[in-house]
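1. would you be able to build a 3D model of this:
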Amino acid sequence: MKGPESAFQKERSMLLGLAYRILGSRADAEDAVQDTYLKWTAANHDKIENPTAWLVSTCTRRSIDLLRAAHRSRVDYYGEWLPEPVPTNFAQEPFDRLELISSLETAFLLMLERLTPKERAAYLLHDIFELSYAEIATTLEIEEPACRKLVSRARSNISQNSVRTSTPRQKQLELLEAFHQAIQGNSPEPLTHLLSEDIRLTADGGGKVSSARRTVTGKTKVLRFIDKVICRFWPDFEWSVADLNGGLGAILRSEGKIVASLTFGFDENGVANHVFIVRNPDKLEALNALTD
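-> Below is the predicted model:
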């Protein structure tokens, strides 16, 4: 494999990771990368001085277009919307930087939903993928000062609403084990001690399966939901721990098919402050394909 095809395949994983972070959807990210590939194959490569920059720009612009369309459809989404769960290494990216790992976390991706499409793209390109303001300005087809303002506004919005930390894996395993034991009908006490007082639980069923339509807030209400709802339906599911969205989570299967994914958000002290459950079968079908 040589020439243009080789150049594209070399950057494909990076493009997929970028598109997913912009879109919060594995399926839409795949579409953005595929559209980028089609434009790449039709381009005059003799006139492209920097293939990587060209691919990043094309993929980013296409992702922004898809994000604008997605935002319109999410207005009518049934219940709470959550990003599609993905294995941490689904784009085969290097994960030797906290920024790359934490930018996959569900809580962080939800914070990005507060930004405009261009703010989101500019912030990710600069602070996560380490492109210069000049490069980002070219990608977004704006002046460099305007690009700096986009990143500044995004940082301000995110810094006020999101804490990105690296919670030790042992602590994450302890939480998963306590959660598992609770739904198996054992004592809920270990789980109780691992949840913050303002813990929230958000479930995404997409209107396809039953789930909490609104976020459950507060330790008492969350524990009651776990006891009255989750403990009623989940005990017979096959439980497995997996690396999901930059942290440890659980995948639950029934008759070999994934029926739920479970991940967590943590505060600056490493205490769980959010439970994320995806039940939408469309999103889990993608996860099935990625974990097979």
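2. and stretch 131-144, end to end?
-> 13 Å (Cα to Cα, to the nearest Å).
3. how far does that stretch sit from the chain's center?
-> 25 Å (Cα atoms, centre = their mean, to the nearest Å).
4. ditto for stretch 8-17
-> Mean-position distance between stretch 8-17 and its chain equals 17 Å (Cα atoms, centre = their mean).
5. all strands for the protein, in order.
-> 195-204, 216-217, 238-244, 247-254, 257-266, 272-278 (DSSP state E).
6. now the fifth one - C-alpha only, PDB.
-> The C-alpha coordinates for strand 257-266 follow below in PDB (Å, rounded to 0.1, in the frame of the first residue of the first chain):
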ATOM      1  CA  LYS A 257     -25.800  -9.700  23.600                       C
ATOM      2  CA  ILE A 258     -24.900  -6.400  25.200                       C
ATOM      3  CA  VAL A 259     -27.900  -4.900  27.000                       C
ATOM      4  CA  ALA A 260     -26.200  -2.100  29.000                       C
ATOM      5  CA  SER A 261     -23.000  -0.300  29.600                       C
ATOM      6  CA  LEU A 262     -22.000   1.300  32.900                       C
ATOM      7  CA  THR A 263     -19.400   4.000  33.500                       C
ATOM      8  CA  PHE A 264     -18.800   6.600  36.100                       C
ATOM      9  CA  GLY A 265     -17.700  10.200  36.600                       C
ATOM     10  CA  PHE A 266     -15.500  11.300  39.500                       C
END
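7. quick revisit: quick one: which of the strands of the chain is nearest Glu144?
-> For these, the distance to Glu144 is smallest for strand 257-266, at 34.3 Å, taking Cβ to Cβ. (Glycine included, C-beta is placed from N, CA and C.)
8. please name the nearest non-neighbouring residue to Leu175.
-> Sequence neighbours aside, Leu194 is the residue nearest to Leu175 in space, at 5.0 Å (criterion: Cβ to Cβ, 6 or more residues apart in numbering).
9. what residues does that neighbour make contact with?
-> By Cβ atoms under 8 Å, 6 or more residues apart in numbering, Leu194 lies in contact with 174-175, 178, 271-272.
10. change it to 10 Å
-> The contact partners of Leu194, by Cβ atoms under 10 Å, 6 or more residues apart in numbering, come to 171, 174-179, 264, 270-272.
11. so where do the helices sit in the chain?
-> For the chain, the helices defined by DSSP state H cover 3-23, 26-42, 51-74, 98-102, 106-112, 117-123, 133-140, 144-161, 169-183, 189-192, 219-225, 231-233, 281-291.
12. for these, give me CSV that also has distance to Ile251.
-> Formatted as CSV, these follow (distance: least, Cβ to Cβ, whole Å):
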stretch, distance to Ile251
helix 3-23, 18
helix 26-42, 15
helix 51-74, 24
helix 98-102, 19
helix 106-112, 14
helix 117-123, 28
helix 133-140, 35
helix 144-161, 28
helix 169-183, 11
helix 189-192, 19
helix 219-225, 20
helix 231-233, 16
helix 281-291, 7
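13. among those helices, show the one with the smallest mean pLDDT.
-> Mean pLDDT values for the helices of the chain show the minimum at helix 98-102, a mean of 74.
14. are any of the contacts of Leu194 buried, and which?
-> 175-176, 178-179, 264, 271-272 (16 or more other Cβ atoms under 10 Å).
15. picking that back up, kindly reformat the contacts of Leu194 as JSON lines and extend each row with distance to Leu112.
-> Output for those, formatted as JSON lines (distance: Cβ to Cβ, whole Å):
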{"residue": "Lys171", "distance to Leu112": "25"}
{"residue": "Glu174", "distance to Leu112": "28"}
{"residue": "Leu175", "distance to Leu112": "24"}
{"residue": "Leu176", "distance to Leu112": "25"}
{"residue": "Glu177", "distance to Leu112": "30"}
{"residue": "Ala178", "distance to Leu112": "29"}
{"residue": "Phe179", "distance to Leu112": "26"}
{"residue": "Phe264", "distance to Leu112": "18"}
{"residue": "Gly270", "distance to Leu112": "22"}
{"residue": "Val271", "distance to Leu112": "23"}
{"residue": "Ala272", "distance to Leu112": "21"}
